[in-house]
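> Got a predicted structure plus its sequence, pasted below:
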Amino acid sequence: MATKTLQTGLSTGQTPSPTLLSGGNPQIAMGYGDAPVQAYIAAMPGWKSDIGRRIDALIERTVPGVHKAVKWNSPFYGLEGQGWFLSLHCFAKYIKVAFFRGTSLDPVPPETSKQKEVRYFHIHENDTFDEAQFAAWVKQASQLPGERM
């Protein structure tokens, strides 16, 4: 008996993979909570998915009760009633972490932005990921006023 195929071209019971946008960023529907963020992380291509899981777990350990969402095809992290303090975005060769009040962090993350207070931290495939420094930035960022988006 032949397997019934859905209009997507997948066999019954399979779920379609998210589309990867320009640069390899997963296209994930906007949503609030852990589920859309986990869907984004699972769809991150190649080595980026492992780093995404590490970042997500580190944020959860560092900021108990963190709120999550996917907006504009990027995961956001924040605190209820206080706004968002960071987001992630995949590019072809790196993951960009945006700290919305990055100029207030010590030390200031290395990558500049056109936005006055935003600073970025880029993670490339073979970089050594300093989890202690990243956790310090996350803790500091979570204690600053967040962005309302």
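Nice, thanks for sending it over.
> use CA for all of it now, contacts and neighbours both
OK.
> those strands in the protein, which residues are they?
Remark: strands of the chain, listed N- to C-terminal, are 31-32, 67-71, 74-79, 83-90, 94-99, 119-124; assignment by DSSP state E.
> Out of those strands, which is closest to residue 22?
With distances scored as Cα to Cα, the stretch of these nearest to residue 22 is strand 83-90 (9.4 Å).
> re the thing from before, now the strands of the chain in CSV, with mean neighbour count and mean pLDDT?
As requested, the strands of the chain are arranged in CSV below (neighbours: other Cα atoms under 10 Å; pLDDT from 0 to 100):
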stretch, mean neighbour count, mean pLDDT
strand 31-32, 16, 95
strand 67-71, 21, 97
strand 74-79, 23, 97
strand 83-90, 23, 96
strand 94-99, 21, 97
strand 119-124, 19, 96
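> Reformat these as TSV; add distance to residue 140.
TSV is the format used below for the strands of the chain (distance: least, Cα to Cα, whole Å):
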stretch	distance to residue 140
strand 31-32	23
strand 67-71	16
strand 74-79	12
strand 83-90	9
strand 94-99	10
strand 119-124	13
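> Quick check: the gap between residue 137 and residue 77.
When Cα to Cα, to the nearest Å is the yardstick, residue 137 and residue 77 sit 13 Å from each other.
> Same check on residue 67?
Look at residue 67 and residue 77: by Cα to Cα, they are 6 Å apart.
> Thank you, goodbye.
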